[in-house]
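1. Using only what follows, build the 3D model:
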Amino acid sequence: MKQYVRRRLLIKKELQFKLAALQGFSMLLVAGTCLITYQALVNYIDMYVPRGPELDALLKNLSQTLIGQLVLLLIIGVAVSILVSNRILGPVYRLEKDIGEILTGGEDSYSMRVKIRKGDELGSLVDAVNLLLDRLEQHHSQNKQIVTAAGNRISAARDKFKDSPEIKLALTEIEKALKT
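-> Residues are numbered from 1 along each chain as shown. The predicted structure follows:
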């Protein structure tokens, strides 16, 4: 079985960046809340503990550590957001691409199926699309059989009524309609 490997991390850039920005904004809100809480704690400490060089060094070190961790978490959060959106949008992109090929493929396209990587999200959607394609292929095959059978019956009727121009004309019109 062929392994499908997505070569690009950014598949639908605009949507992925919107999702990453939304994730980043949410994380900035959390970071802002943390910084406000930190400042409130520092103010509380200032009310009850006399300031000195040791406390100032501790608070400076603590604030630098907190800001560094928040920036690191923001970067990690945005990266995870892009990776997760890739897992979701990858199958959507593949589905769009395969359906486009099916729509432009002509007669042979009824046998095509959508394939995604193992473990991709939206597998149930792809399964449903493939089931729909199975049914379309069955209906197309049945329609072809019906048209072939009708064409055979028309040919037989034409041979039987070859001396009647009215019937011959009607059969020709029916044949034209079947071919379209």
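
2. how's the chain carved up into domains?
-> As assigned by automatic domain parsing, the chain contains the domains 10-107, 122-180.

3. Tabulate these (JSON lines), appending distance to Arg113.
-> (Each C-beta comes from the backbone N, C-alpha and C, glycine too.) Below are these laid out as JSON lines (distance: least, Cβ to Cβ, whole Å):
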{"stretch": "domain 10-107", "distance to Arg113": "8"}
{"stretch": "domain 122-180", "distance to Arg113": "5"}
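
4. In JSON lines, list those domains along with mean pLDDT and mean neighbour count.
-> JSON lines is the format used below for these (pLDDT from 0 to 100; neighbours: other Cβ atoms under 10 Å):
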{"stretch": "domain 10-107", "mean pLDDT": "86", "mean neighbour count": "13"}
{"stretch": "domain 122-180", "mean pLDDT": "84", "mean neighbour count": "12"}
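
5. Quick one: classify the nearest residue to Arg94 once chain neighbours are set aside as helix, strand or coil.
-> Sequence neighbours aside, Ile116 is the residue nearest to Arg94 in space, at 5.4 Å (criterion: Cβ to Cβ, 6 or more residues apart in numbering). For Ile116, the assignment made with DSSP: H, G, I helix; E, B strand; the rest coil gives coil.

6. contacting residues around Ile116?
-> Ile116 makes contact with 4, 90-91, 94-95, 122-123, 126 under the criterion Cβ atoms under 8 Å, 6 or more residues apart in numbering.

7. counting contacts, what elements does the longest helix seen in the chain pack onto?
-> Ranked by residue count under DSSP state H, the longest helix found in the chain is helix 53-104. Packing partners of helix 53-104 (3 or more Cβ pairs under 8 Å, 6 or more residues apart in numbering; DSSP states H and E): helix 13-48, helix 123-160.

8. Of those, which is nearest Thr104?
-> Checking those against Thr104 by Cβ to Cβ gives helix 123-160 as the closest, at 14.7 Å.

9. Quick check: what element follows that closest one along the chain?
-> Per DSSP states H and E, the first helix or strand lying C-terminal to helix 123-160 is helix 165-179.

10. what's the angle from that next one to helix 123-160?
-> Put simply, helix 165-179 runs at 160 degrees to helix 123-160, going by axes from the mean of the first three to the mean of the last three Cα atoms, to 10 degrees.

11. Mind pulling up the pLDDT for the nearest residue to Leu136 once chain neighbours are set aside?
-> Nearest in space to Leu136, with sequence neighbours left out and distances taken as Cβ to Cβ, 6+ apart, is Tyr110 at 6.1 Å. pLDDT recorded at Tyr110 is 76.
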